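Engineer: just the structure for this:
(chains A and B)
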Amino acid sequence: MKHVYGWLLLTPAAILLIGFTHYPAAATLWDSLFSTGTVVRPSRFMGLANYAALADDPIFWQVLGNNFWFALGTIPTSIALAMLMALWVNDRLPARALARMAYFTPTVLPMIAVANIWLFFYTPQIGLLDQIGAKFGVASHNWLGDPNTVLACTMAMVIWKESGFFMIFYLAALQSLAPELEEAARIEGASRWYFFRRVTFPLLMPTTLFVLVNATINSFKLVDHLFILTKGGPDNASSLLLYYIYQVAFSFFDTAYASTLTVVLLALLASLALLQFQLVEKRVHYR
Amino acid sequence: MSAAGRRAPSLETAAAWLLALLWLAPLLYAFWAAFHPVEFATRFDPLAPLTLSNFTKAWAYAPFARHFVNTVMLVTMILSAQLVLCTLAGYAFARFDFAGRDIAFGLVLVQLLVMPEVLIVENYRIMSRLGLVDTILGIGLPYMASAFGIFLLRQTFKTVPRELEDAARVEGCSFIGVLWRVYVPLARPTYLAYGLVSVSYHWNNFLWPLVVTNTVQTRPLTVGLAIFGAPESGVDWGVISAGTLMAVAPLLLAFLLFQRQFMQSFMQAGIK
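Structural biologist: Presented below is the predicted three-dimensional model:
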């Protein structure tokens, strides 16, 4: 009887999960082995030809590289800032509720709205960045039009958006640390910096690992801003893997190749998940 | 929250406040641009005249009312479906020792990683086969069976003492009766936290709604805002800022009122 009830309760959710997660994931793998069908030429089996095309596609390697730099440029900085914010907000900072609110607010805003606001900062000449630069005699610069600066511009915005979110995990971790540690350090006459370096930072390590893996997984899903700021340009200098998948599928209508790219994305996410799983297994608990 | 730390030195206090100001600046700037005529967009004159014309222009320029209705319908539909489906599934995983339970649970957790927006290509194909492209149901359907919700409710239901269930059973409650009278009321804080995260997520979600909608009748706020704010639309900064603020206002206001609850809910969502 418990078997019947158990499965009966699970069925509605299971149907939707299979229909929109497991089946499409399997279908993606399957479709990546076929060519994109057209009216005159139906889809046919290609073996691994799409993967060979992928290996020869310079844009694929470029967006993958961009994803790497994007992760490297945003995650360590966001984590450092998040830690700093949490330490400050956890201290007896005057009006710390207000500071905490300021740090966290970007998290609740949609990426599209954020990009709308930041677009104005980066616009050449009339934009805020150039206007401020002009006051100091700096020449106008097309921030989002220059392949050398565009990725950094999107990274600055993402750091601003994400740091406050990571802060709350550090805040929770800090509040679970034993107050006696701080007492003892004070009696011993340890400096604030020494206490942070030798006590707080190592104790926050599990949180840091946790945030690190989650931030990396997240960095593959963050593409909304590209629709407003750059459309992936110039010359794909700011494009990311998921955005490229969108373009291939819905602008170039090459769904088979888009599926092949999706398989790469799924493989990347799966390996990150395995890494996360191992970290959780090994994770030291200080509670 | 406990004030465990010692008082920060004044230099650090200044730095903390500078960073807070920097973090608020983009939003404050959007307010400035929205409430002032366009010629003051970069001239921060405290005596600049205030205006509401950017808001009226934005409202007239894009079908905001329609986008608002669509977004509200979308988040309500998704949340109500999620609450029902995740409650039933969470209850099954927490209290029924059925065959294949652990494998099924593992398969549910896959969705934590493979969110529907990663599978836009196949999910679009499925929606067109179902005839659900450009419908609000089509936007919401992939999110309704939420692995996160199932997981969260399973954890909560597991903490409910068995004795409560047994007592209700003795009183003649059915399985569903026990769920409704014992488990659901005790899980109220979890429902609140989950509801906040779900509403924020879907209010802000963009990629999948963009892919699956193509008319004003179904587009939610984020998609409408993206079309409205695109540089090629030729709308000026004040109007874009006004539109952006209108789109984020409900959620921002809710956050300012219930800050602590928001942060705690987001944290639970992150830790999983």
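Engineer: close to chain B, is the helix or strand containing residue A:257?
Structural biologist: Assigning secondary structure by DSSP states H and E places residue A:257 in helix A:255-282. Yes: counting by Cβ under 8 Å from any Cβ of the partner chain, chain B has neighbours in helix A:255-282: A:255, A:258-259, A:262, A:265-266, A:269-270, A:273. Using the backbone N, CA and C atoms, a C-beta is placed for each residue, glycine as well.
Engineer: those residues, buried ones only, as a PyMOL selection?
Structural biologist: Command for PyMOL that selects the buried part of the residues of helix A:255-282 next to chain B, burial taken from 16 or more other Cβ atoms under 10 Å in any protein chain shown:
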select buried, chain A and resi 255+258+259+262+265+266+269+273
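Engineer: tell me which two in the residues of helix A:255-282 next to chain B are the farthest apart.
Structural biologist: A:255 and A:273 (25.6 Å; Cβ to Cβ).
Engineer: check whether the host helix or strand of residue B:22 comes near chain A.
Structural biologist: Using DSSP H and E, residue B:22 sits in helix B:10-35. Yes: using Cβ under 8 Å from any Cβ, helix B:10-35 reaches chain A at B:12-13, B:15-17, B:19-21, B:23-24, B:26-27, B:29-30, B:33.
Engineer: list the buried residues for that helix?
Structural biologist: So for helix B:10-35, counting by 16+ other Cβ under 10 Å, buried means B:12-13, B:16-17, B:19-20, B:23-27, B:29-30, B:32-35.
Engineer: remind me which residues of chain B are low pLDDT?
Structural biologist: Residues of chain B meeting the criterion pLDDT under 70: B:1-8, B:230-235, B:270-272.
Engineer: ok and the host helix or strand of residue A:74 relative to helix B:10-35, angle-wise?
Structural biologist: Residue A:74 is part of helix A:58-90, with elements assigned from DSSP H and E. If you take axes from the mean of the first three to the mean of the last three Cα atoms, to 10 degrees, helix A:58-90 sits at 120 degrees to helix B:10-35.
Engineer: buried ones in helix A:58-90?
Structural biologist: A:60, A:63-64, A:66-67, A:70-71, A:73-75, A:77-79, A:81-90.
Engineer: again, but for stretch A:85-105
Structural biologist: Buried residues in stretch A:85-105, counted by 16+ other Cβ under 10 Å: A:85-91, A:93, A:96, A:99-105.
Engineer: among those, name the ones that also lie close to chain B.
Structural biologist: A:85, A:87-91, A:93, A:99-105.
Engineer: out of those residues, give me the two with the largest separation.
Structural biologist: The most distant members of these, if one measures by Cβ to Cβ, are A:91 and A:105, lying 20.2 Å apart.
Engineer: skipping adjacent residues, who's closest to residue B:58 in space?
Structural biologist: residue B:243 (3.9 Å; Cβ to Cβ, 6 or more residues apart in numbering or on different chains).
Engineer: how about the contacts made by the one you found?
Structural biologist: By Cβ atoms under 8 Å, 6 or more residues apart in numbering or on different chains, the contact list for residue B:243 reads A:116, B:58, B:61-62, B:64, B:225, B:228-229, B:235.
Engineer: tell me which of those is nearest to residue A:181?
Structural biologist: After measuring these against residue A:181 - Cβ to Cβ - the closest member comes out as residue A:116, at 44.7 Å.
Engineer: residues near the residue lying closest to that closest one once chain neighbours are set aside, how many?
Structural biologist: With sequence-adjacent residues excluded and distances taken as Cβ to Cβ, 6+ apart, residue A:116 is closest to residue B:229, at 4.2 Å. When neighbours are counted by other Cβ atoms under 10 Å in any protein chain shown, residue B:229 registers 25.
Engineer: burial count for residue B:267?
Structural biologist: For residue B:267, the tally of surrounding residues (other Cβ under 10 Å) stands at 17.
Engineer: from what I can see it touches residue A:172, true?
Structural biologist: Yes: contact status for residue B:267 versus residue A:172: in contact at 6.0 Å, counting by Cβ atoms under 8 Å.
Engineer: how much space is there between the residue in chain B sticking out farthest from the centre and chain A?
Structural biologist: Using Cα atoms, centre = their mean, the residue of chain B lying farthest from its centre is residue B:170. It sits 40.3 Å away. Going from residue B:170 to chain A by Cβ to the nearest Cβ, to the nearest Å gives 18 Å.
Engineer: for residue B:164, see how far away that residue is.
Structural biologist: Per Cβ to Cβ, to the nearest Å, residue B:170 is found 11 Å from residue B:164.
Engineer: and chain B, what are its domains?
Structural biologist: B:10-51, B:65-271 (automatic domain parsing).
Engineer: so for residue A:27, which of those domains sits nearest?
Structural biologist: domain B:65-271 (4.9 Å).
Engineer: now that closest one: how far from the chain's centre is it?
Structural biologist: Distance, stretch centre to chain centre, for domain B:65-271: 7 Å (Cα atoms, centre = their mean, to the nearest Å).
Engineer: same question, stretch A:102-113
Structural biologist: 14 Å.
Engineer: that stretch - what's its average pLDDT?
Structural biologist: For stretch A:102-113, mean pLDDT rounds to 92.
Engineer: repeat that for stretch A:239-256.
Structural biologist: So the average pLDDT for stretch A:239-256 ends up being 93.
Engineer: and the end-to-end length of it?
Structural biologist: Distance between the two ends of stretch A:239-256: 20 Å, counting by Cα to Cα, to the nearest Å.
Engineer: buried residues in it?
Structural biologist: Buried residues in stretch A:239-256, counted by 16+ other Cβ under 10 Å: A:239-249, A:254-256.
Engineer: quick one, longest helix in chain B?
Structural biologist: The longest helix of chain B (DSSP state H) is helix B:64-95.
Engineer: just checking, next helix/strand downstream of that one?
Structural biologist: Next helix or strand after helix B:64-95 toward the C-terminus (DSSP H and E): helix B:101-113.
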